[in-house]
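[1] this one's sequence-less:
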């Protein structure tokens, strides 16, 4: 039976640790309880918020006036396997890093570079979680959902999810509630080809080469720890939503203008924005670089209550006692500063609930 509570503070249930109370909080521990809670909220006509690991939410200080359904269904099931691969169905409420740790221990390759990412498994397809050259779209074969509009279960194959950079059909609309995710992973003690330069250097391999799963997981945790991206209650640099802004994808013409503005601001022999391919006619650059070169260095706005991480400019952090309004104000300041300096408007990665950036 799902547990129902009223007036429960939401801040402790998020990694940013801000936000007021929920009018109603329902903790659903099975798929059936998730569906029942969502149906009841929809039929009641009030607002509904789905709460997973809370690592991608900035909830308003007034809280949430409707029903919050906390996803807590657990379970990892091997559906099929052969000599080369394994298909694993993961319940939406499984802690994501526990899933990665299990995969590494079992010799299942394909998600090891996603170690240390906070949150639950059901949230990973929503924003196509990725890091260090991997993203879940590379290994997801199916996503089981509850369709709030048609009020029935609907399964999505990978192509039907329309995965793009930090986006999917699940993020574009609140119509679908993820119940489980099925991954196809290689049965190998070796990682997928290492695609991230810093990670390859730490491992002592060339980009595109493989390493042991355990070594890659350990190296990723070290890299994330250096950036304050591994949750630690004692470290306020980790009281965040991780990367607060996505890396901008712009047209080739916009990239040319960005390079010109960077040269004007930093000098013709000064630092140059990183440029990566991003599909035909488009380029991607680094949000962290733009933030830093716009004048917002590590630890900007310290001592707080909200400040940029002392380890990474891309994380807006709660230094203790911050309100959601403090987080939003700092994020707006950074976004406006980058826009003024380089003509690029940063897009926030976390979802704002009850307020806007």
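    That came in fine, so what should we check first? Everything numeric in this text was worked out from a predicted model, so none of it was measured.
[2] For the rest of this, base every contact and every neighbour count on C-alpha atoms.
    Will do.
[3] Stretch 204-220: how far from the chain's middle?
    The chain centroid and the centroid of stretch 204-220 are separated by 22 Å, computed with Cα atoms, centre = their mean, to the nearest Å.
[4] What is the end-to-end distance of that stretch?
    Using Cα to Cα, to the nearest Å, one end of stretch 204-220 lies 13 Å from the other.
[5] Tell me which residues are up against that stretch.
    Residues from elsewhere that reach stretch 204-220 (Cα atoms under 8 Å, 6 or more residues apart in numbering): 104-105, 107, 109, 112-116, 132, 189-197, 199-200, 202-203.
[6] ChimeraX command for the buried members of the residues you listed?
    Buried subset of the contacts of stretch 204-220, written as a ChimeraX selection, criterion 16 or more other Cα atoms under 10 Å:
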select :104,107,109,112,113,114,115,116,132,189,190,191,192,193,194,195,196,199,200,203
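[7] Of the contacts of stretch 204-220, which belong to strands?
    residue 109 (DSSP state E).
[8] Which strand or helix spans residue 206?
    For residue 206, there is no host helix or strand (DSSP states H and E).
[9] Need the pLDDT of it.
    Reported pLDDT at residue 206 in the predicted model: 92.
[10] Identify the residues contacting residue 269.
    residue 263.
[11] Give the helix, strand or coil label for it.
    Following DSSP: H, G, I helix; E, B strand; the rest coil, residue 269 is assigned to coil.
[12] roughly how far apart are it and residue 262?
    10 Å.
[13] Kindly report the same for residue 13.
    Residue 13 is 40 Å from residue 262, by Cα to Cα.
[14] Same check on residue 43?
    In terms of Cα to Cα, residue 43 sits 53 Å off from residue 262.
[15] With neighbour numbers in mind, choose between these two.
    residue 262 (22 against 9; other Cα atoms under 10 Å).
[16] tell me the contacts of that one?
    By Cα under 8 Å, 6+ apart, the residues touching residue 262 are 271-273, 342.
[17] That one should be in a helix, yeah?
    Yes - assessed by three-state DSSP, residue 262 belongs to a helix.
[18] Where does the prediction get shaky in the stretch 51-200 of the chain?
    Judged against pLDDT under 70, the stretch 51-200 of the chain has no low-scoring part.
[19] Can you list the buried residues in the host helix or strand of residue 97?
    Using DSSP H and E, residue 97 maps to helix 96-106. Neighbour-count burial for helix 96-106 flags 96-97, 99-101, 103-104 (criterion: 16+ other Cα under 10 Å).
[20] Closest to residue 149 out of the residues you listed?
    Ranked by distance to residue 149 (Cα to Cα), the buried residues of helix 96-106 are led by residue 96 at 27.7 Å.
[21] wait, isn't the closest one in contact with residue 119?
    Yes - proximity of residue 96 to residue 119 meets the contact threshold set by Cα atoms under 8 Å, at 5.9 Å.
[22] So what touches stretch 30-39?
    Contacts of stretch 30-39 (Cα under 8 Å, 6+ apart): 1-2, 26, 28, 48, 69, 71-74, 146, 148, 151, 179.
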